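Participant: here's a sequence, model it:
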Amino acid sequence: MIKILFFSSATCKYCHAVEKHTQEMAIRYGYPVEVIKREENIEPFEKYNITGLPTVMLLHNDKPMWQATGTIEKSKINAEFSKWSY
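Facilitator: Sure thing, here's the model as predicted:
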């Protein structure tokens, strides 16, 4: 099963745009997205060693298979998500 984790923060100026792209592509491919805000839940940040924001992570059967951090273009997200569509 594919799942997307989106790591964000209220003070992250790029997070909103990247989250929008991530949500659009997740809907396109039917992947669930969990948005994790640093202020609300630090544990996943520590578990996956997330130090930069925004970070998009694709999990397959709960194993990280791909991640990108920073100002990620929609085309890059689409390319990676499409690799995992069945």
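Participant: strands of this structure, residue ranges please.
Facilitator: 2-8, 33-37, 55-60, 63-69 (DSSP state E).
Participant: and residue 45, which of the ones you listed is closest to it?
Facilitator: Set against residue 45 and scored by Cβ to Cβ, the strands of the chain come closest in strand 2-8, at 6.4 Å. Heads up, the C-betas are built off the backbone N, CA and C, glycines and all.
Participant: adding mean neighbour count, write the strands of the chain out as JSON lines.
Facilitator: Below are the strands of the chain laid out as JSON lines (neighbours: other Cβ atoms under 10 Å):
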{"stretch": "strand 2-8", "mean neighbour count": "20"}
{"stretch": "strand 33-37", "mean neighbour count": "16"}
{"stretch": "strand 55-60", "mean neighbour count": "20"}
{"stretch": "strand 63-69", "mean neighbour count": "14"}
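Participant: ok, the residue sitting nearest the centre point of the chain - contacts?
Facilitator: Of all residues in the chain, the one closest to the mean position by Cα atoms, centre = their mean is residue 56, 2.3 Å from it. When contacts are counted by Cβ atoms under 8 Å, 6 or more residues apart in numbering, residue 56 is found next to 4-7, 18, 22, 67-69, 72, 77.
Participant: re the thing from before, put together CSV for the strands of the chain, with mean pLDDT and distance to residue 83 on each row.
Facilitator: Below are the strands of the chain laid out as CSV (pLDDT from 0 to 100; distance: least, Cβ to Cβ, whole Å):
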stretch, mean pLDDT, distance to residue 83
strand 2-8, 97, 10
strand 33-37, 97, 17
strand 55-60, 97, 9
strand 63-69, 97, 8
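Participant: flag the shaky bits of this structure, pLDDT-wise.
Facilitator: 86 (pLDDT under 70).
Participant: on that earlier part again, dump the strands of the chain to CSV, plus distance to residue 82.
Facilitator: Converted to CSV, these look like this (distance: least, Cβ to Cβ, whole Å):
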stretch, distance to residue 82
strand 2-8, 11
strand 33-37, 16
strand 55-60, 11
strand 63-69, 12
